[in-house]
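Engineer: have a look at this fold, sequence not included:
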């Protein structure tokens, strides 16, 4: 009985597998995994051992491994209540006498070799084989499965056509991200949100146009002013003596006077527009 699969290197998906020794196999062990994750490769390794046929492993050489390593396998088996090593190195197996007779592999290769002699297992005869396995009592179920398969193929074809149509209209669109998009909003809520964003966009475009008009104006010319130093110091001292609240109220009054004098069409956003312009000029 196989006790451990310690190492498989350079064979199929097992380019550098060296950590299997910590897992002990029992009398019944289930190994499962996704497609292309090594289940068939593992069966071929055991088939090579059972037939003492290194060619099966040589044909399974890892394609472009990250590090070039020779093909090797290290297993351990229980023989006469003792754990014994079984190794594949230098294109040859070394194992206890007659051990290969204790391994039997039933997989697609077995079916091809023993049932469909000289034929490949194609999609068509896989379906026929499934009908045979299901038996007459489940013919109705088999027909239902076939109808579902036909519907699945038709829907996949429709999805492919619509995907190509979308990509022609929106080159570079991420179809997967679009298909994963979900929302709890109703169509009316989405439409209302779009209208609000459209209004905001129009308002932003108006603000940008006003800012552009301001920027297009000629730059102010430098002015040389004759100022009395003593008078200037008096004004500075007067400002320093005032409180922040007093200055703030004075500034707010002047801002309102400026709005009344210079804004013709008022919409309630005049102060925000002035703040936006001041920040823009500071930057």
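Structural biologist: Good, I have the coordinates. Just so we're clear, the structure is a prediction, and the values are computed from it rather than from any experiment.

Engineer: which parts of this protein are helices?
Structural biologist: Ranges of helices in the chain, per DSSP state H, are 39-51, 54-58, 108-114, 123-134, 139-169, 175-180, 187-216, 229-241, 244-262, 270-282.

Engineer: now tell me which of those helices the model trusts least on average.
Structural biologist: The weakest mean pLDDT among the helices of the chain belongs to helix 123-134, with a mean of 52.

Engineer: per-domain residue ranges of the chain.
Structural biologist: 2-111, 123-164, 199-212+231-283 (automatic domain parsing).

Engineer: residues near residue 60, how many?
Structural biologist: 19 (other Cβ atoms under 10 Å). All C-beta spots, glycine's among them, are computed from the backbone N, C-alpha and C.

Engineer: now do residue 84
Structural biologist: Neighbours around residue 84, by other Cβ under 10 Å: 14.

Engineer: so how far is residue 160 from residue 238?
Structural biologist: To residue 160, residue 238 is 79 Å away according to Cβ to Cβ, to the nearest Å.

Engineer: ah, wrong one, I meant residue 59
Structural biologist: On the measure of Cβ to Cβ, residue 59 and residue 160 end up 35 Å apart.

Engineer: next one: residue 84
Structural biologist: 55 Å.

Engineer: what does residue 22 give?
Structural biologist: In terms of Cβ to Cβ, residue 22 sits 46 Å off from residue 160.

Engineer: more neighbours: those two, which one.
Structural biologist: Higher neighbour count among residue 22 and residue 160: residue 160, with 10 against 7, using other Cβ under 10 Å.

Engineer: show me what stretch 260-277 is in contact with.
Structural biologist: 203, 207, 210, 211, 214, 255, 258, 259 (Cβ atoms under 8 Å, 6 or more residues apart in numbering).

Engineer: go on, stretch 41-54?
Structural biologist: Against stretch 41-54 from outside (Cβ under 8 Å, 6+ apart): 2, 5, 8, 11-14, 31, 55-57, 60, 73, 75, 86, 88, 91-93, 95, 99-101, 103-105, 107, 109.

Engineer: just name the most buried of the domains of the chain.
Structural biologist: domain 2-111 (a mean of 14; mean count of other Cβ atoms under 10 Å).

Engineer: quick one on the thing from earlier: could you export the domains of the chain to TSV, including columns for distance to residue 188?
Structural biologist: Shown next, in TSV, are the domains of the chain (distance: least, Cβ to Cβ, whole Å):
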stretch	distance to residue 188
domain 2-111	43
domain 123-164	25
domain 199-212+231-283	17
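
Engineer: looking at those, which is closest to residue 223?
Structural biologist: When these are ranked by proximity to residue 223, the top entry is domain 199-212+231-283, at 15.5 Å, counting by Cβ to Cβ.

Engineer: just how off-centre is that closest one within its chain?
Structural biologist: Centre-to-centre, domain 199-212+231-283 and its host chain are 49 Å apart (Cα atoms, centre = their mean, to the nearest Å).

Engineer: roughly how far does residue 108 sit from residue 47?
Structural biologist: Going from residue 108 to residue 47 by Cβ to Cβ gives 11 Å.

Engineer: ok, now residue 255?
Structural biologist: Residue 255 is 88 Å from residue 47, by Cβ to Cβ.
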